[in-house]
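[1] Mind folding the following:
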Amino acid sequence: MARPPLALSLQFADPAHRAALPRHRVARWIRAALERPAEITVRIVDAQEGRALNRDYRGRDYATNVLTFDYSREPVVSADLILCAPVVAEEARRQRLDLEAHYAHLLVHGALHAQGYDHEADADAQVMEARESEIVMALGYADPYRRRR
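    Modelled structure (predicted):
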């Protein structure tokens, strides 16, 4: 099945994970989650930038794994996905996950948020998590929610 077009900008403020995130893989992971054409910037940041963005835009004073800034959803999805490399690495280590698989899941998660998916309400979370699992498994990785089910 043809995937919608993607204009991707990949930025590394924290180059520590550059090798784990080759552009072709990042594009593949995001495209798998797209339901319409998109212009997406992915920025890999350090803990200081991740914390500042989370604090300034969400009012939470800590670095989080992924932040999605969605600017438009139609006719073209336009968004920035910010991933905090140290947080992603620590989660992968603590949960005994492959770093690449964890990045794939978080990019799918962020791309779904950019298209309007949400997980604040339980019903919405079930829909979003089911879609994430479907996409991530189609990409060849384990179900990211298998431990919770």
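
[2] element containing the nearest residue to A63 once chain neighbours are set aside, please.
    Nearest residue to A63, sequence neighbours excluded (CB to CB, 6 or more residues apart in numbering): G50, at 3.6 Å. Heads up, the C-betas are built off the backbone N, CA and C, glycines and all. Per DSSP states H and E: G50 is located in helix 47-58.

[3] just checking, what packs against that helix?
    Under the contact definition 3 or more CB pairs under 8 Å, 6 or more residues apart in numbering; DSSP states H and E, helix 47-58 sits against strand 66-72, strand 77-84, helix 85-94.

[4] so where's the protein uncertain?
    Applying pLDDT under 70 to the chain flags the ranges 1, 147-149.

[5] For it, which segments count as strands?
    Along the chain, counting by DSSP state E, strands occupy 6-12, 38-45, 66-72, 77-84.

[6] Export these to TSV and append columns for distance to R94 and mean neighbour count.
    Listed next are these as TSV, based on distance: least, CB to CB, whole Å; neighbours: other CB atoms under 10 Å:
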stretch	distance to R94	mean neighbour count
strand 6-12	23	14
strand 38-45	19	22
strand 66-72	16	16
strand 77-84	14	23
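
[7] for those strands, which one sits closest to D143?
    Nearest to D143 among the strands of the chain is strand 66-72 (18.2 Å), distances taken as CB to CB.

[8] Direction included, what does the closest one pair against?
    Strand 66-72 has the following strand partners under DSSP bridges: strand 77-84 (antiparallel).

[9] quick check: angle from the partner strand to helix 47-58?
    Relative orientation of strand 77-84 versus helix 47-58 (axes from the mean of the first three to the mean of the last three CA atoms, to 10 degrees): 130 degrees.

[10] what's the angle from strand 77-84 to strand 6-12?
    Going by the same axes, to 10 degrees, strand 77-84 is angled at 20 degrees with respect to strand 6-12.

[11] which residues sit in contact with the nearest residue to A92 once chain neighbours are set aside?
    Distances taken as CB to CB, 6+ apart place H102 nearest to A92, at 4.3 Å, with adjacent residues excluded. H102 makes contacts with V88, E91, A92, Q95, as judged by CB atoms under 8 Å, 6 or more residues apart in numbering.
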